[in-house]
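S.K.: sequence and computational prediction follow.
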Amino acid sequence: DSGVTQTPKHLITATGQRVTLRCSPRSGDLSVYWYQQSLDQGLQFLIQYYNGEERAKGNILERFSAQQFPDLHSELNLSSLELGDSALYFCASSVGDGHSYEQYFGPGTRLTVT
Amino acid sequence: GQSLEQPSEVTAVEGAIVQINCTYQTSGFYGLSWYQQHDGGAPTFLSYNALDGLEETGRFSSFLSRSDSYGYLLLQELQMKDSASYFCAVRVELYGGSQGNLIFGKGTKLSVKP
């Protein structure tokens, strides 16, 4: 158990809908990272937050957004969902911005868009 | 942009030694991390190399050559439980304000046979 929690574990929704994925980092970790994992693309970095502020952006679509709250939990919002958004979404955390090389991953949320 | 290359699959027998190579092309390089992911599980951190040379952690070792843009993960005394996917990830600067983010390779699926 990494100490990172993610909810829900599974999510099934229809195209065009909007969903919110939630992540709580390990106690004491200030950085939160979001990743998308699909069979053909591997683990794709989406976005990083550090202590409530956006720190870095990867391959995040404009239909996706995220935020980190004062209690350090984070939410990833996916809107206007398409079939291709079906994937495993991981949240990870690290102690600080300078420790991004050692990230602790949550169990993931499996999103299925039908 | 960044690119990483690692073999898609490797097969070895229990007790053997296996080396998983990773070559990368990137800018703003800080170091190379390795992660293990069992089927249906979350990635877990194995090792990080910021400097050239070999880092050893139990049965696992990781090597980096910055001049060759090359690294490898060495697994010794293979056990059945080592069957998993192994990802190399380069730590790079994506954003001016960030101290580096991980960009993952597509992973190497290791199968350990009895």
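M.R.: Cool, the structure landed.

S.K.: please name the nearest non-neighbouring residue to B:Gln2.
M.R.: Using CB to CB, 6 or more residues apart in numbering or on different chains and skipping the chain neighbours, the partner closest in space to B:Gln2 is B:Thr26 (4.1 Å). Just so you know, the C-beta spots here come from the backbone N, C-alpha and C atoms, and that holds for glycine as well.

S.K.: now do the contacts for that neighbour.
M.R.: Contact partners of B:Thr26, counting by CB atoms under 8 Å, 6 or more residues apart in numbering or on different chains, are B:Gln2, B:Ser3, B:Leu4, B:Ser69, B:Val90, B:Val92, B:Ile103.

S.K.: help me confirm that the third one comes into contact with B:Ile103.
M.R.: Looking back up the chat, that one is B:Leu4. Yes. Contact criterion CB atoms under 8 Å: B:Leu4 and B:Ile103 qualify, at 7.0 Å.

S.K.: what's the distance between B:Ala50 and chain A?
M.R.: Applying CB to the nearest CB, to the nearest Å, the value for B:Ala50 to chain A is 8 Å.

S.K.: give me the residue at the spatial middle of chain A.
M.R.: Nearest to the geometric centre of chain A sits A:Trp34, at 3.1 Å (CA atoms, centre = their mean).

S.K.: just the pLDDT for that residue.
M.R.: With respect to pLDDT, A:Trp34 has a value of 97.

S.K.: packing partners of whichever strand or helix holds it?
M.R.: Using DSSP states H and E, A:Trp34 maps to strand A:31-38. Applying 3 or more CB pairs under 8 Å, 6 or more residues apart in numbering or on different chains; DSSP states H and E, we find strand A:31-38 packed against strand A:42-50, strand A:74-78, strand A:87-94, strand B:101-104.

S.K.: dump those to a markdown table, plus mean pLDDT, mean neighbour count and distance to B:Leu73.
M.R.: As requested, those are exported to a markdown table (pLDDT from 0 to 100; neighbours: other CB atoms under 10 Å in any protein chain shown; distance: least, CB to CB, whole Å):
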| stretch | mean pLDDT | mean neighbour count | distance to B:Leu73 |
| --- | --- | --- | --- |
| strand A:42-50 | 92 | 22 | 16 |
| strand A:74-78 | 98 | 20 | 30 |
| strand A:87-94 | 97 | 24 | 19 |
| strand B:101-104 | 92 | 26 | 14 |
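
S.K.: what sits up against stretch A:36-43?
M.R.: So stretch A:36-43 is contacted by A:35, A:44, A:46, A:59, A:86-90, A:108, B:43, B:87, B:89, B:104-107 (CB under 8 Å, 6+ apart).
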